[in-house]
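Trainee: Compute the structure for the input listed below.
(2 chains)
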Amino acid sequence: MAEDVLKSGNLPENPERATLEGRNKFMGFWFFLGGEVVLFASLFGTYLALRNSTVDGPTGQEIFGLGLVFLMTVILLTSSLTSVYAMYHMKNNDFKKMQLWLGITVLLGFAFLGLEIYEFVHYVNDYGFGFSTSAFSTAFYTLVGFHGAHVAFGLLWIISLMIRNRKRGLNLYNAPKFYIASLYWHFIDVVWVFIFTVVYLMGKVG
Amino acid sequence: MSTTAENKAGFGSVLWDYLTTVDHKKIAILYLIGGLFFFILGGLQAMLIRIQLIAPDNEFISAQFYNEVLTMHGTTMIFLAAMPLIFALMNAVLPLQIGARDVAFPFINSLGFWLFFFGGIFLNVSWFAGGAPDVGWTAYAPLSLFSESHGVDYYAIGLQIAGFGTLMGGINFIVTVVNMRAPGMTYMRMPLFTWTSFIASVLILFAFPALTVGLFLLTFDRLFGGNFFDPEMGGNVIIWEHLFWIFGHPEVYILILPAFGVFSEIIPTFSKKRLFGYSSMVFATILIAFLGFMVWAHHMFTVGLGPIANSIFAVATMAIAVPTGIKIFNWLFTMWGGNIRLTSPMVIALGFVPTFTIGGMTGVMLASAAADFQYHDTYFVVAHFHYVIVGGTVLGIFAGIIYWWPKMFGTMLNEKLNHWFFWLFFIGFHLTFFFQHFLGLMGMPRRYWKFLPDQGLDLFNLISTIGAFGMAIGTIIFLVNVVMTQMKGEKVSGDPWDARTLEWAIPSPPPFYNFKQEPLVRGLDALWVEKMQGNGKIQPAEPLGDIHMPNRTFVPFVISLGLFIAGFGVMYQGAMWILAGIGFATTFGAMLYRSLKDDIGYHVHKEELEEEGDGSNG
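Mentor: Sure, this is the predicted structure:
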């Protein structure tokens, strides 16, 4: 019985929710994301309260470059789409294609993270905009940095799942794990949409 | 898994058993031991406070030490005593009440406990490392930024670690209730303790992340040069107050709702009547939880948010009195015409109702924003929140411990000593805190190290201290009772109280798989339904079959230990960064191990269950 969950092939329609453990993980993770919403809401609130507290440091309007941020947005949103493809193939029990699309998702995630690091380095070196420059800078790096840390964690998570399961294919034990990793990835994207709007668009225009 | 087998086992194997357990019943015992330890610690700190204030101009302890003791008393009692004791009851009872074999996430349940444990230890290491936090349990900025010792850092990081554990525990119970209920256990048949624990878990889920963020901001400001709360750099100290109370106000409902649940179990059992107005109790619980998120700024009336904001928060706060009043009346109507047995849990419940009502009434007084300017930061506030937290939560916890003690340990606490405990604690409590209302109204500010003679404050402070000794003696009697009961080890039946809910249908203590066959629930108060309409036994919902159980694991301990070690590195920095490296590597390594290693549990086979004979659903 117990060992059956490790067999691949002949999976039911929604393998991520076929076992009680899978259903628990699925639901527990949704609730966890609910908690994460409050976490980011608190960070957004703090940022909104402090975004004009630039003291002597640069303002958002001076440093933000919408071109770079737009590129990052496109990359991250595309990675959400590719993770949807991966889950589509998971439900069709096509492990190879799932791995392929997850691989593309990871590559896009790394591209995003690389651009974000470039962005931060650029701010520090060219504008003297460090973590301790002003209350605005602290709030900016904390909010965007928390998101970046979530992206990094998600990348490590998906990569370790891909490597661990590369030889044995999809089964009822690992399908929920892949599925909630993709949920997490979507959540990160949604948060970024808000960061793009609240931090960058409002910072540049508002 | 009977206790006799454990008695024969050596100390080492019992220790290993508890370090690696994923059984919710054993985790409940761990939470109980941890919670009682910190309750005693917090109680000793309370005694130091009261001895210092026994007379005007007293020099019993220094001002600095007083600040530390005061801060740690509040922090310990809320985060390290009340919360884990509530988790102890939830772990011990909730899965049994809904007919589940286990919780949804046994691993995460264990992780939650060890994070709480190491967080609590971390916080208390500060005593030996240059001084405990000394800025009050609310740690308001900018005071918290200018505290010179590392005390506040211990506060921020220790609570951060413990808070992660609480959050995970909350998610675990939510999913357990949603997904793991036995056949026939619909939402509106769930016992009220399960309901209130469920709603409290939802509050945990949405309240604790705000504290997480607040503590991160505080840590960044103190240790990494952040400017969130530094006005000179454009920071804003009010942000901390908002984040703290967005967490802090739901937190008081997290503390009180499970206590409401405990009394909603005890009162029907000992009145031999079903709970009056069950569905209104459920909706009152949900309404309290909802409103609990809307009222945080009533802690900040004097900050200067303006009359509009103050009025809105005042009205919302007063509205909470309505669902709470519904509950009070429902308890009274449950007793009305009932066949009341004055067992110790019932006597505690009878003490709770008027005490909590007084606390609720002063709550409505405080909710009046205009009047609050007079009460703010006086002993009136101290008296109010001790009436609701001690008179509500702590009485609920002790009533619950006594009520479910036979289910947890298979023994019965001595009733005579239980009554002695209650009356000493209860009379001591009212002596301590009733007079603090008047001290507050006379203008005595809270948190002060000294008060001056000849201001009319001497007598009430003296009475208050005498009362505190009554509470201490009561608690000692309770602990003596625990030790004596366990030494004697006299076993009782599975249903010693002639109770109504599902947990009493199985042996005490229950087998590690709880229910041999999934129970079939045929109504509210499932066991009582069978006692009245059936043969007194719960019918099984499935034939006897293999039972799937989770494997024991040491990983949660390691994950938590890693964060504990890392905390020191983050705090002391410099050469100590190495500790952060080791700690985080340990934590993430253990998480990776958990993620990559298959852990599919094992099965208890049908044949073994048959050999054990009858008695699991009997």
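Trainee: so where's the chain uncertain?
Mentor: All of this refers to chain A. A:1-3, A:206 (pLDDT under 70).
Trainee: was after chain B, sorry
Mentor: For chain B, the ranges with pLDDT under 70 are B:1-8, B:613-618.
Trainee: In it, which residue sits nearest chain A?
Mentor: B:Gly234 (2.9 Å; CB to the nearest CB). C-beta here means a position set from N, CA and C on the backbone, and glycine is covered the same way.
Trainee: ok, that residue to B:Arg222 distance?
Mentor: Per CB to CB, to the nearest Å, B:Gly234 is found 17 Å from B:Arg222.
Trainee: And for B:Phe398?
Mentor: 37 Å.
Trainee: and the residue nearest to B:Gly489 when sequence neighbours are not counted, how many neighbours?
Mentor: Leaving aside its chain neighbours, B:Gly489 sits nearest to B:Thr411 (6.2 Å; criterion: CB to CB, 6 or more residues apart in numbering or on different chains). B:Thr411 is flanked by 21 other residues according to other CB atoms under 10 Å in any protein chain shown.
Trainee: repeat for B:Gly456
Mentor: With other CB under 10 Å as criterion, B:Gly456 counts 12.
Trainee: for chain A, what are the nearby residues on the stretch 201-350 of chain B?
Mentor: Residues of the stretch 201-350 of chain B lying near chain A by CB under 8 Å from any CB of the partner chain: B:205-210, B:212-214, B:216-217, B:220-221, B:224-228, B:230, B:233-236, B:239, B:242-243, B:246.
Trainee: Filter those down to the buried ones.
Mentor: B:205-210, B:212-214, B:216-217, B:220-221, B:226-228, B:230, B:233-236, B:239, B:242-243, B:246 (16 or more other CB atoms under 10 Å in any protein chain shown).
Trainee: In helices, which of those appear?
Mentor: When these are checked against helices (DSSP state H), the matches are B:205-210, B:212-214, B:216-217, B:220-221, B:239, B:242-243, B:246.
Trainee: show me what contacts B:Val604?
Mentor: B:513, B:546-547, B:549 (CB atoms under 8 Å, 6 or more residues apart in numbering or on different chains).
Trainee: nope, B:Leu592 is what I meant
Mentor: Taking CB under 8 Å, 6+ apart, one finds A:Ser160 in contact with B:Leu592.
Trainee: and the gap between it and B:Phe435?
Mentor: From B:Leu592 to B:Phe435 the distance is 57 Å (CB to CB).
Trainee: Compute the number of surrounding residues for the closest residue to B:Ser493 other than its chain neighbours.
Mentor: Spatial nearest neighbour of B:Ser493, chain neighbours left out: B:Ser508 (7.1 Å); criterion: CB to CB, 6+ apart. The number of residues packed near B:Ser508 is 21, by other CB under 10 Å.
Trainee: Tell me what A:Asn171 is bridged to.
Mentor: Beta-bridge pairing of A:Asn171 under DSSP bridges involves A:Ser8.
Trainee: give me the number of residues near it?
Mentor: 18.
Trainee: Tell me which other helices or strands the helix or strand harbouring B:Tyr18 touches.
Mentor: Element membership for B:Tyr18 (DSSP states H and E) is helix B:11-20. Packing partners of helix B:11-20 (3 or more CB pairs under 8 Å, 6 or more residues apart in numbering or on different chains; DSSP states H and E): helix B:24-52.
Trainee: And the next helix or strand past the helix it packs on?
Mentor: Heading C-terminal from helix B:24-52, the first helix or strand you meet, by DSSP H and E, is helix B:63-75.
Trainee: Mind listing residues that contact that next one?
Mentor: By CB under 8 Å, 6+ apart, helix B:63-75 touches B:42, B:45-46, B:48-49, B:52, B:61, B:123-124, B:127, B:131-139, B:151, B:155, B:159, B:447, B:449-450.
Trainee: PyMOL command for the buried members of the residues you listed?
Mentor: The PyMOL command for the buried members of the contacts of helix B:63-75 (criterion: 16+ other CB under 10 Å) is given here:
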select buried, chain B and resi 42+45+46+48+49+52+61+123+124+131+132+133+134+135+136+137+138+139+151+155+159+447+449
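Trainee: Noted, bye for now.
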